[in-house]
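[1] coordinates only, sequence not included:
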């Protein structure tokens, strides 16, 4: 294939299909190496895509997707950034250019002859009995482009069956790369990533990492082994999505994470109307590759994926994009209103599109200050989603939370959460919901198991501190929370959780410092100043009174409704009458208490322990259905 050469600190050995640095070697597919060799033959010059395709794939028809994937793989290996390239530069509408200097190895000049790439590089004479192996390898290399583009199921299954790779029991789907060239289309590639994760999550025998953890690796420069180690997964799915008019093309490949070994790849293209069929094809192919079985209901497996109006899909994906916009763990009300508009557009065009109703329900029950009308719309929307598609797992979760928040329907909520997990065993939200519900009911061991599963599915988010706190395991909760704050120091919610843990340990000074930090990060510097002044004047009690006073102020001005936080402050101060006043407000206005969950944690909240001997506490438990 050509002589060895260097690109910066990397040693490229075409004959071995390897790239090495500091003693660490990465194996490239032969065709990927072929692309690199072609570029290295003419460093600094623009090579048109046609030329690269004809040189590396002379006898096989392939599309630009295969070349794009090859260049993307080279950039990953060389840790190169397409936006600020140090190795390979994309020349829009023309081709690619190698911008790094090519240096010869062992005095061999980097001439076109030395770097010539040929399909027939193998020796013409082989005196050993291994000649048939080499011939078979070359034939296999020639077949790979056909597999990637045409997606021959028979060849793919034959290849995977012959693989000695370790079994894939866990998967992470990295954000699909947007190949449209338009940053405004990011919502579309993100939406396709979400859809693929959701569909794969229905594989009951494989652990599938949640969206919130996977999306943190968007445009990351970390290697696949690093990502696999951080997420504790065997396999990684990465790929691209490209939209052109009403056509959608997705490429996907399965990588064995720890070894960075390519296991399988395929390309899919469908009309936008058939995007759900496309998603199912990708999911089923991946499931076959890992030897897994989808656990969806028989009815859903048998049904053909419904066609969708492209305008409906567009509006729905835009709605999801705005629904996911968060800051410091809190949803932005303006983003929620924008999401509502898009979901309404989708419903207007197609009143039978169930996912849009579920999105509408989410958007209406997530306001910082809700209203009775908001919750009624959310309830009607969630019920409509379930009526249209009983197998829509997210809608089950939504309906469960509405039953819990509006009606304290504990049994009904548990039923919905269990239905969600039956439909989607890998639902982080489902396991987190079950953990929260069981914790509120006092079933703490069951709750811990659910939160532990959620943590495995979403390793980049804290799923355990709250249940450890409710179990009164404060030392473990503090250790856990410190770790997350070290990772996300600017997240005010994390500091607020640590404030609770420190308070329960009697570390009042540390608790007030965390509370002060939390309110600063949540945008209330004046509140932080008052807390600090209160502590200076009369210690932790003065600081807590300043905090309680500010909470009442934000309620009176309509900024937020935080009855539980206010009741907690007065409870630990010993002002039971004021604490019960705010608990009664939470009971009377459950629709307003969106932000601090209202009375859901009345039975389990350690901050309310000073109230438990009061008859009013037992009466509240009875009224919300939690009296034993």
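    All right, it came through fine. What you see is a predicted model; the values in this text were computed from it and never measured.
[2] use CA for all of it now, contacts and neighbours both
    OK.
[3] mind naming the longest helix for this protein?
    Looking across the chain with DSSP state H, the single longest helix is helix 525-556.
[4] OK, contacts around the closest residue to residue 530 other than its chain neighbours?
    Nearest residue to residue 530, sequence neighbours excluded (CA to CA, 6 or more residues apart in numbering): residue 546, at 6.1 Å. Residue 546 makes contact with 527, 530, 531, 534, according to CA atoms under 8 Å, 6 or more residues apart in numbering.
[5] am I right that residue 267 sits in a helix?
    No: checked against DSSP: H, G, I helix; E, B strand; the rest coil, residue 267 lies outside a helix; its state is strand.
[6] quickly list what it is bridged to.
    Applying DSSP bridges to residue 267 gives these bridge partners: residue 251.
[7] my guess is it meets residue 248, correct?
    No: look at residue 267 against residue 248 with CA atoms under 8 Å: they stay out of range, at 10.8 Å.
[8] domain ranges for this protein, per the record?
    Taking automatic domain parsing as the reference, the chain has its domains at 5-138, 170-297, 308-373, 390-463.
[9] okay, those domains in a markdown table with mean pLDDT and mean neighbour count next?
    Compiled in a markdown table, the domains of the chain are given as follows (pLDDT from 0 to 100; neighbours: other CA atoms under 10 Å):
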| stretch | mean pLDDT | mean neighbour count |
| --- | --- | --- |
| domain 5-138 | 72 | 16 |
| domain 170-297 | 87 | 20 |
| domain 308-373 | 86 | 21 |
| domain 390-463 | 94 | 22 |
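[10] can I get the ones you listed in JSON lines including distance to residue 620?
    Output for the domains of the chain, formatted as JSON lines (distance: least, CA to CA, whole Å):
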{"stretch": "domain 5-138", "distance to residue 620": "58"}
{"stretch": "domain 170-297", "distance to residue 620": "36"}
{"stretch": "domain 308-373", "distance to residue 620": "21"}
{"stretch": "domain 390-463", "distance to residue 620": "12"}
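[11] to residue 590, which of those lies closest?
    domain 390-463 (6.1 Å; CA to CA).
[12] run the chain-centre distance for that closest one.
    Relative to the chain's own centre, domain 390-463 is displaced by 18 Å; criterion: CA atoms, centre = their mean, to the nearest Å.
[13] re the thing from before, out of the contacts of residue 546, who's the most crowded?
    residue 531 (28 neighbours; other CA atoms under 10 Å).
[14] not counting sequence-adjacent ones, nearest residue to that residue?
    Among residues not flanking residue 531 along the chain, residue 543 sits closest, at 4.6 Å (CA to CA, 6+ apart).
[15] how near is the one you found to residue 228?
    Separation of residue 543 from residue 228 (CA to CA, to the nearest Å): 44 Å.
[16] same check, this time on residue 102
    32 Å.
[17] now do residue 359
    31 Å.
[18] which ones are touching residue 25?
    Contacts of residue 25 by CA under 8 Å, 6+ apart are 18, 19.
[19] for it, what are phi and psi?
    Phi and psi for residue 25, reported as degrees, to the nearest 10, are phi -120, psi 140.
[20] list the beta-bridge partners for it.
    Under the criterion used here (DSSP bridges), residue 25 is bridged to residue 20.
[21] element containing the nearest residue to residue 405 once chain neighbours are set aside, please.
    Closest residue to residue 405 apart from its sequence neighbours, by CA to CA, 6+ apart: residue 590 at 6.6 Å. Under the criterion DSSP states H and E, no helix or strand holds residue 590.
[22] residue 590 and residue 600 touch, don't they?
    No: assessed by CA under 8 Å, residue 590 is found out of contact with residue 600, at 9.9 Å.
[23] shared neighbours of those two, which are they?
    Common neighbours of residue 590 and residue 600 (CA under 8 Å, 6+ apart) are residue 405.
[24] which residues touch the residue positioned nearest the centre of the chain?
    The chain has residue 211 as the residue nearest its centroid, 1.8 Å off, counting by CA atoms, centre = their mean. Neighbouring residues of residue 211 by CA under 8 Å, 6+ apart: 194, 197, 458.
[25] nearest to residue 433 among the residues you listed?
    residue 458 (13.6 Å).
[26] surely that closest one is in contact with residue 210?
    Yes: using CA under 8 Å, residue 458 is in contact with residue 210, at 5.3 Å.
[27] quick check: neighbours shared by those two?
    By the contact definition CA under 8 Å, 6+ apart, residue 458 and residue 210 are jointly contacted by residue 428.
[28] ok, now which ones touch residue 208?
    170, 171, 172, 173, 197, 200, 201, 426, 457.
[29] and the contacts of the helix or strand harbouring the second one?
    Assigned by DSSP H and E, residue 171 belongs to strand 170-173. Around strand 170-173, the neighbours that count as contacts under CA under 8 Å, 6+ apart are 193, 196-197, 206-210, 214, 228, 231-238.
[30] mind checking which of those land in helices?
    Per DSSP H, the contacts of strand 170-173 map to helices at 193, 196, 197, 214, 228, 231.
[31] what segments of the stretch 301-450 of the chain are strands?
    326-327, 330-331 (DSSP state E, counting those that start in this stretch).
[32] you'd agree residue 354 is up against residue 386?
    Yes: using CA under 8 Å, residue 354 is in contact with residue 386, at 7.4 Å.
[33] between these two, what contacts are shared?
    Applying CA under 8 Å, 6+ apart, one finds that residue 354 and residue 386 are jointly contacted by residue 392.
[34] re earlier: among the domains of the chain, which is nearest residue 565?
    So among the domains of the chain, domain 308-373 is nearest, using CA to CA, at 13.9 Å.
[35] measure the closest one end to end?
    30 Å.
[36] ok, back up a step: and the residue nearest to residue 531, what does it touch?
    By CA under 8 Å, 6+ apart, the contact list for residue 543 reads 512, 530, 531, 532, 533, 534, 535.
[37] swap in residue 87?
    7, 75, 78, 80, 98, 99, 100.
[38] with residue 80 instead?
    Counting by CA under 8 Å, 6+ apart, residue 80 has contacts 86, 87, 88, 221.
[39] tell me which two in those are the farthest apart.
    88 and 221 (15.2 Å).
[40] still on that earlier bit, rebuild the ones in helices among the contacts of strand 170-173 as JSON lines, extending it with distance to residue 465.
    As requested, those are exported to JSON lines (distance: CA to CA, whole Å):
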{"residue": "193", "distance to residue 465": "28"}
{"residue": "196", "distance to residue 465": "29"}
{"residue": "197", "distance to residue 465": "26"}
{"residue": "214", "distance to residue 465": "21"}
{"residue": "228", "distance to residue 465": "24"}
{"residue": "231", "distance to residue 465": "19"}
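[41] tell me the one of the residues you listed nearest residue 345?
    Using CA to CA, residue 193 comes nearest to residue 345 of the ones in helices among the contacts of strand 170-173, at 22.1 Å.
[42] now do the helices in the stretch 251-400 of the chain.
    Under the criterion DSSP state H, counting those that start in this stretch, the stretch 251-400 of the chain contains helices at 275-289, 298-302, 310-323, 333-349, 354-365, 372-388, 393-407.
[43] just want the angle from the fourth one to helix 310-323.
    Comparing the axes of helix 333-349 and helix 310-323 via axes from the mean of the first three to the mean of the last three CA atoms, to 10 degrees yields an angle of 160 degrees.
[44] also the last one?
    Orientation check (the same axes, to 10 degrees): helix 393-407 against helix 310-323 gives 50 degrees.
[45] the fifth one too?
    What separates the directions of helix 354-365 and helix 310-323 is an angle of 30 degrees, with the same axes, to 10 degrees.
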